[in-house]
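In: Give me a model of this one.
(chains A, B, C and D)
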2 protein chains.
Amino acid sequence: MVTIRDIAIRAGVSTATVSHVVNQNYPVSVQVRERVLRSIRDLNYHPNAMARGLRTSRSKTVGMVIPDITNPFFPAVVRAAEDVLNHAGYTLFVGNSDNALTKQESYYRAFREQRVDGLLLITSGSRSTPEYLSNHQSTGVPIVLIDRYYPGMDADAVLADNLRGSYEAVDHLLDHGHRRIGIITGPLQLINARLRLAGYKKALEARRVALKEDLVAEGRFDIESGYQQARNLLALSPRPTALFICNGLMTEGCLRAMSELRLVHKIALVSFDDLGWFPFAKPSVSAVAQPAYDLGAAAANILLKRISGKMTGPPRRRLLKTTLIVRDSSLGLHRR
Amino acid sequence: MVTIRDIAIRAGVSTATVSHVVNQNYPVSVQVRERVLRSIRDLNYHPNAMARGLRTSRSKTVGMVIPDITNPFFPAVVRAAEDVLNHAGYTLFVGNSDNALTKQESYYRAFREQRVDGLLLITSGSRSTPEYLSNHQSTGVPIVLIDRYYPGMDADAVLADNLRGSYEAVDHLLDHGHRRIGIITGPLQLINARLRLAGYKKALEARRVALKEDLVAEGRFDIESGYQQARNLLALSPRPTALFICNGLMTEGCLRAMSELRLVHKIALVSFDDLGWFPFAKPSVSAVAQPAYDLGAAAANILLKRISGKMTGPPRRRLLKTTLIVRDSSLGLHRR
DNA sequence: GGTGTAAGGTTAATCGATTGATATTGGACG
DNA sequence: CGTCCAATATCAATCGATTAACCTTACACC
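Out: Sure thing, here's the model as predicted:
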């Protein structure tokens, strides 16, 4: 590998001068600058990020941990964060924790060891803040939580209004006369899964509909558990007349179950998360759309402000609105 | 931050000894080891990857560049690669190039500067090998291409059999009597887009069906271009009786166009890429399934072998089979 | 001509870990 | 009791960049 020393020798200057040219933070005469730049081009020199980072303890990179790269919601958030960060000259590295706390921790450590300047974290399930995260504050590396948070962890967070989103969804089903509404929740260690369940309960309460425990099934936010729990709920008698599924992947599994049981057109359905293909499903699927792009962009912006020191003080929590998109699956129109 | 020196002082030993304990590559007496480990735990010490990497020029990390994180195919490949690499003790960092050559290059550089031990690359469009990649070989850092390759670039590559996959798809449509088959290709700078088009042409030729240029539309492998080009093709008269769409995202756009024009049930459809929701679309969508997981896993395995030096010699190219999955959209069953 | 000052360069310490060379210690053995 | 060896531990150079402190010109101005 070609180093700063090689450039210095070839251009007949000191390494300090090369560094000044590269970083443009010190006056260098035009002739010298040209000579150095030519050598850099000739030798195809690129500074060693490790050496630089070791010296400056700053890397112009940001690490992001997401729980499931195959869940389309998260890539959408990543895209947004990336847009904002690239624009500001930062490189975003993504790690997929696979919903495992251990993997989340190992990515966290890997990122810290790479000395990322900031962290974006969509957490995996745990009711309490893992120790390494509560210890994190002392490091001075800003961290912004997205979509989920650990109760008691005081970091900035950008969240969707899960409670209200799911309240509206269930309220909508109640509006259409449904009284036996099944719900497939996410894993209840996750705060957003709990909030979505809470929205469901609140909506029922508001209409004085009794909560039936057997209509509440806990999934794992993946296709398989959506399928399994849908089979369970649909095997009840009397059957629920409507289902509220707490994320997009589980809705996919649920649809598989419903189509196997030939119930697709008999049961109303609303999904949390709006996936691109919902309009083309039969029937088209009603959904609570989350502002995925805005979540990512807002989080990245906050992170940048923290990194640059333009924002200080106690952690802030931003709550973004969801939108209920009504399609055929909740209207019964498909029963024509 | 706590450094190796802090540990050394607290444990009353030299930094060298601490290093030996951490890396387990040198005998250390039990008592000393215990003392050191305790200090490490007490102070919550984690080695600085930059310092270590600077010294050893090795990082136990792998970088992966994908063109579009919102296209479900790529996350599936990432998942596979990650499984294999994590298992071998490596951390995988992902960068999203957004189909832009400049971003691809900047991720490439960022990864190189972070001194990743290997690279997995799903390239963005260019007919020839970018200079930085042809220069890459001299660096000794192994690189494996996935899904696409640049002609003339000699690196290992793991690919799906695009030609044959699309041949089978089009052949299947011909089987069902279609003679006016529209195709929406990917961007033709991409080798796989060209191969899929070639498969289409070859299938037509084999049945002596004349190629009509106006039935060939070039998309960009994204939803929007799928929508646009579908509108164009469906506006032709006479209309094509079938469409072959060269990736999953464009199929989503195409379905939107078809549903706007109320043609969903009138036009046969086959998609390259099988997305999870295709069975639930109306009609369910026939597709050429790519072995996404196998692609990622195979590539990661080759990379590991190259890193460890267990595999040497000239680049190898692996071709994995695709599978045609026939559903309603290509059968006309939905016209009942 | 002497002096002050700004511009342009260089020297060398430093970041935190690794590792080859070297020192120390305590037996074993003749 | 010396000598030698193995087992452990330490010393100090090193990786490649950054940057504070310092040096050298050149020129302006009195």
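In: Spell out the secondary structure type for residue A:148.
Out: Secondary structure, DSSP: H, G, I helix; E, B strand; the rest coil: residue A:148 is coil.
In: mind listing what the closest residue to chain B within the stretch 51-200 of chain A touches?
Out: Per Cβ to the nearest Cβ, residue A:113 is where the stretch 51-200 of chain A lies closest to chain B, at 3.5 Å. For every residue, glycine as well, the C-beta is placed using N, CA and C. Applying Cβ atoms under 8 Å, 6 or more residues apart in numbering or on different chains, one finds that residue A:113 lies in contact with B:46, B:47, B:48, B:49, B:50.
In: confidence score at it?
Out: Listed pLDDT for residue A:113 reads 81.
In: cool, and residue A:334?
Out: 52.
In: tell me the strands in the stretch 101-250 of chain A, going along the chain?
Out: Secondary structure of the stretch 101-250 of chain A (DSSP state E, counting those that start in this stretch): strands located at A:118-121, A:143-146, A:156-160, A:181-185, A:216-218, A:242-245.
In: Most tightly packed of the ones you listed?
Out: strand A:242-245 (a mean of 30; mean count of other Cβ atoms under 10 Å in any protein chain shown).
In: ok, and what's touching it?
Out: A:166, A:169-170, A:173, A:176, A:178, A:180-184, A:200, A:226, A:230, A:233, A:251, A:254, A:267-272, A:330.
In: Quick check, residue A:316 in contact with residue A:299.
Out: No - contact criterion Cβ atoms under 8 Å: residue A:316 and residue A:299 do not qualify, at 11.2 Å.
In: and these two? which has more neighbours close in?
Out: residue A:299 (27 against 12; other Cβ atoms under 10 Å in any protein chain shown).
In: Among the contacts of residue A:113, which one lies nearest to residue B:70?
Out: residue B:49 (29.8 Å; Cβ to Cβ).
In: For chain A, give me the ranges with low pLDDT.
Out: A:333-336 (pLDDT under 70).
In: for whatever residue of the stretch 51-200 of chain A ends up closest to DNA strand C, what are its contacts?
Out: Going by Cβ to the nearest atom of the strand, DNA strand C is nearest to residue A:55 of the stretch 51-200 of chain A, at 3.6 Å. Applying Cβ under 8 Å, 6+ apart to residue A:55 gives no contacts.
In: any idea which element it lies in?
Out: The secondary structure element spanning residue A:55 is helix A:49-56 (assigned by DSSP states H and E).
In: how about the residues of the stretch 201-336 of chain A that lie near chain B?
Out: A:223, A:252, A:255-256, A:259, A:275-277, A:279-283 (Cβ under 8 Å from any Cβ of the partner chain).
In: Looking at these, spot the one nearest DNA strand D.
Out: residue A:276 (42.7 Å).
In: Quick check, the closest one in contact with residue B:253.
Out: No - with contact defined as Cβ under 8 Å, residue A:276 and residue B:253 do not form a contacting pair (9.3 Å).
In: Pull up the overlap in contacts between these two.
Out: residue B:223.
In: Among these two, which residue is more densely surrounded?
Out: Shown here are residue A:276 and residue B:253; by other Cβ under 10 Å, residue B:253 has more neighbours (23 against 19).
In: Tell me the buried residues in whichever strand or helix holds the more buried one?
Out: Using DSSP H and E, residue B:253 sits in helix B:248-260. For helix B:248-260, the neighbour count (16 or more other Cβ atoms under 10 Å in any protein chain shown) marks B:248, B:249, B:250, B:251, B:252, B:253, B:254, B:255, B:256, B:257, B:258, B:259 as buried.
In: Ok, stretch A:123-132 next?
Out: Neighbour-count burial for stretch A:123-132 flags A:123, A:124, A:125, A:129, A:130 (criterion: 16+ other Cβ under 10 Å).
In: Now for the last one: which residues touch it?
Out: Residue A:130 is in contact with A:101, A:105, A:150, counting by Cβ under 8 Å, 6+ apart.
In: go with 7 Å
Out: A:101, A:105 (Cβ atoms under 7 Å, 6 or more residues apart in numbering or on different chains).
In: Flag every residue of the stretch 1-150 of chain A that's near DNA strand D.
Out: Applying Cβ under 7 Å from any atom of the strand, we find that the stretch 1-150 of chain A lies next to DNA strand D at A:1, A:3-5, A:15-16, A:19-20, A:22-23, A:25, A:45-48, A:51-52, A:54-56.
In: Give me the buried subset of these.
Out: A:4, A:19, A:20, A:22, A:45, A:47, A:48, A:51, A:52, A:54.
In: Not counting its neighbours along the chain, what's nearest residue A:271?
Out: residue A:251 (3.9 Å; Cβ to Cβ, 6 or more residues apart in numbering or on different chains).
In: where do the helices sit along the stretch 1-150 of chain A?
Out: With DSSP state H, counting those that start in this stretch applied, the stretch 1-150 of chain A shows helices at A:4-11, A:15-23, A:30-43, A:49-56, A:73-87, A:101-113, A:131-134, listed in chain order.
In: Now do the third one against helix A:4-11, angle only.
Out: Helix A:30-43 and helix A:4-11 meet at an angle of 120 degrees, taking axes from the mean of the first three to the mean of the last three Cα atoms, to 10 degrees as the criterion.
In: Quick one: neighbours of the closest residue to residue A:179 other than its chain neighbours, just the number.
Out: Of all residues not flanking residue A:179 in the chain, residue A:209 sits nearest, at 5.8 Å (Cβ to Cβ, 6+ apart). By other Cβ under 10 Å, 16 other residues sit near residue A:209.
In: thinking residue A:209 is in contact with residue A:180, fair?
Out: No - applying Cβ atoms under 7 Å, one finds residue A:209 not in contact with residue A:180, separated by 9.1 Å.
In: For the residue lying closest to residue A:105 once chain neighbours are set aside, give its distance to residue A:109.
Out: Excluding the flanking residues, the one nearest residue A:105 by Cβ to Cβ, 6+ apart is residue A:132, at 6.0 Å. Distance, residue A:132 to residue A:109, using Cβ to Cβ, to the nearest Å: 8 Å.
In: Residue A:297 too?
Out: For residue A:297 relative to residue A:109 (Cβ to Cβ), the value is 27 Å.
In: So for the two, which sits in the more crowded spot?
Out: residue A:297 (20 against 15).
In: Tell me which residue of the stretch 201-336 of chain A lies closest to chain B.
Out: Counting by Cβ to the nearest Cβ, the stretch 201-336 of chain A gets nearest chain B through residue A:282, at 3.3 Å.
In: near DNA strand C, which residues of the stretch 151-300 of chain A show up?
Out: So the stretch 151-300 of chain A never meets DNA strand C (Cβ under 7 Å from any atom of the strand).
In: those helices in the stretch 151-300 of chain A, which residues are they?
Out: Going by DSSP H, counting those that start in this stretch, the stretch 151-300 of chain A shows helices at A:162-175, A:191-206, A:223-234, A:248-260, A:292-308.
In: which ones are touching residue A:139?
Out: Residue A:139 touches nothing, counting by Cβ under 7 Å, 6+ apart.
In: repeat that with 8 Å
Out: A:112, B:1.
In: From what I see, residue A:189 and residue A:127 are in contact.
Out: Yes - counting by Cβ under 8 Å, residue A:189 touches residue A:127, with 5.1 Å between them.
In: sorry, back to before: which of the helices of the stretch 1-150 of chain A is buried the deepest?
Out: helix A:73-87 (a mean of 22).
In: quick one: that one to helix B:73-87, angle?
Out: Using the same axes, to 10 degrees: helix A:73-87 against helix B:73-87 is 90 degrees.
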